[in-house]
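Trainee: Next input, structure requested:
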Amino acid sequence: MSRIVMLTGFAPGLIYFRQPLLRALVAAGHEVIAAAPDEDDRVAGVMESLGVQWMPMAFDRNRVRPLRDADFLRRVRKMLRRIRPDRLVCATLKPNIYGGWAASAEGVPSAAMVTGIGTVLMNPGWRRRAATVMFRRACRHHDVVLVQNPEDGKDLIDLGIVDDASKIVQTAGEGIDLNAFPVQSLPEAPVFLMLARLLVSKGVREYLIAARRVREMCPTARVQLAGIEDPGSGGVPISEIHAAAEAGDIEYLGFVEDVPAAIAASSVIVLPSWHEGTPHSLLEGMAMGRPVVTTDVRGSRQTVDDGETGLLVPLRDPEALAQAMALLASDAERRAVMGAAGRRLAEDRFDAEEVAAVTMKALHLS
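Mentor: Sure thing, here's the model as predicted:
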């Protein structure tokens, strides 16, 4: 069997999103090593329980710092020379770029997991031009580029980042572990929950505005926000969150360790994001029988059968978001019917075991 290194820029993602894939790789007999910034003290224990070796690797995932980035590239090359893996699997933009460069220099086969094309590559300007050139160079070496929605795959081709469309494989996100997120009965009262990093591009500010309107229209509704402040660019200052909580617009839950318990206490999952790969919080909510409200944008729209499992609203439109939330707040039967349909959709389209099997086949590891 093969020795696999998974290099990612977000260590908690190894817990939240990739456990089914890591478990499947280990079960298939592969030796798996996970490398990421050491920013979550739970990761080492979880990796050990999965039979995955944990290798912390510090770098700035949100900022361009040439000297530090050059050092990161050097350290990735050193790691590859020492470990000599049969394949490097990268996830998030910096590992996808510098991991590809390092793998090319060291003669290691590599693949990129694009979990969302990201603000840098979507917005015109010098940052996109620079990132495009850098990622294009990496993708000349990556033999597989995994994407989570068709728009991301098309953009990678249109931008010239991937010059061979046969390299692109689309998956249903990273799937959802249906056993870890079982169906739970809905609370009688309407309780809305947004689970996300506190980023402007996640639609946090739209959610705060909509929360105030929902509370005006439906005084019995509760509107909750869970997530931690993101220190990188594009974060919503925690002072704004606390101000909304002090005004009574939201209940701020902070970091939530027991996500299934938080979802079980909710009635509807909300994510007014500007763009996604495949939003995991929506999959979690659907798996547990919750309807969802999200924006009609790439990645998010693929998770919802509009009007059946949830509601789609226009981008950056807090009033439309509030109206959709109020509609569900006023109709407990509709919440129940949509939630049940969402669970069926999660089973049919987003089962993490099936997604892991597709991913392993694409990576020639099955």
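Trainee: Where do the strands of the protein begin and end?
Mentor: With strands called from DSSP state E, the chain shows them at 3-8, 31-36, 53-56, 87-91, 110-113, 144-147, 168-170, 191-195, 222-226, 251-254, 268-271, 292-295, 310-313.
Trainee: can I get the ones you listed in TSV with distance to Glu240 and mean neighbour count?
Mentor: Every C-beta, even on glycine, is put in place using the N, C-alpha and C of the backbone. Converted to TSV, those look like this (distance: least, C-beta to C-beta, whole Å; neighbours: other C-beta atoms under 10 Å):
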stretch	distance to Glu240	mean neighbour count
strand 3-8	29	24
strand 31-36	29	22
strand 53-56	32	16
strand 87-91	29	26
strand 110-113	32	28
strand 144-147	32	24
strand 168-170	36	18
strand 191-195	14	25
strand 222-226	11	22
strand 251-254	10	15
strand 268-271	17	28
strand 292-295	20	28
strand 310-313	21	25
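Trainee: Same list (those) but as CSV, adding mean pLDDT.
Mentor: Shown next, in CSV, are those (pLDDT from 0 to 100):
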stretch, mean pLDDT
strand 3-8, 98
strand 31-36, 97
strand 53-56, 97
strand 87-91, 98
strand 110-113, 98
strand 144-147, 98
strand 168-170, 98
strand 191-195, 98
strand 222-226, 98
strand 251-254, 98
strand 268-271, 98
strand 292-295, 98
strand 310-313, 98
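Trainee: number of nearby residues for Asp163?
Mentor: 11 (other C-beta atoms under 10 Å).
Trainee: contacts for the worst-scoring helix or strand of the chain on mean pLDDT?
Mentor: In the chain, no helix or strand scores lower on mean pLDDT, DSSP states H and E than helix 118-122, which sits at a mean of 82. For helix 118-122, the surrounding residues in contact (C-beta atoms under 8 Å, 6 or more residues apart in numbering) are 93, 127-128, 131-132, 135, 155, 159, 161, 201, 234, 274-275.
Trainee: redo that, cut-off 6 Å
Mentor: Helix 118-122 has contacts (C-beta atoms under 6 Å, 6 or more residues apart in numbering) with Leu93, Arg127, Arg128, Ala131, Ser201.
Trainee: Please report how far the third one lies from Phe135.
Mentor: The reference is to Arg128. 10 Å (C-beta to C-beta, to the nearest Å).
Trainee: From Leu311, how far out is the closest residue to Trp274 other than its chain neighbours?
Mentor: Nearest residue to Trp274 in three dimensions, chain neighbours excluded: Ser201, at 4.6 Å (C-beta to C-beta, 6 or more residues apart in numbering). For Ser201, the distance to Leu311 equals 21 Å [C-beta to C-beta].
Trainee: for Glu188, same thing?
Mentor: For Glu188, the distance to Leu311 - C-beta to C-beta - is 20 Å.
Trainee: How many residues are close by the residue nearest to Trp274?
Mentor: Ser201: 18 neighbours (other C-beta under 10 Å).
Trainee: what do you get for Lys78?
Mentor: Lys78: 12 neighbours (other C-beta under 10 Å).
Trainee: same deal with Gly99?
Mentor: 33.
Trainee: show me what contacts the residue nearest to it when sequence neighbours are not counted?
Mentor: The shortest distance from Gly99 to any non-neighbouring residue, by C-beta to C-beta, 6+ apart, is to Cys90 (3.8 Å). For Cys90, the contacting residues are Leu7, Asn96, Gly99, Ala112, by C-beta under 6 Å, 6+ apart.
Trainee: does the last one really touch Val145, like I thought?
Mentor: Yes. Here Ala112 lies in contact with Val145, judged by C-beta atoms under 6 Å, at a distance of 4.9 Å.
Trainee: just the helices in the stretch 251-366 of the chain please.
Mentor: Along the stretch 251-366 of the chain, counting by DSSP state H, counting those that start in this stretch, helices occupy 259-264, 280-287, 318-329, 332-349, 352-362.
Trainee: what number of residues lie near Arg74?
Mentor: Going by other C-beta under 10 Å, the residues that sit close to Arg74 add up to 12.
Trainee: you'd agree Ala58 is up against Pro37?
Mentor: Yes. When contacts are counted by C-beta under 6 Å, Ala58 is listed as touching Pro37 (5.2 Å).
Trainee: Comparing the two, which shows the higher neighbour count?
Mentor: Pro37 (16 against 13).
Trainee: what's near enough to touch the more buried one?
Mentor: Contacts of Pro37 (C-beta under 6 Å, 6+ apart): Ala11, Ala58.
Trainee: just the one 10 residues further on next, same as before
Mentor: Each residue near Met47 by C-beta under 6 Å, 6+ apart is listed here: Ala34, Trp54.
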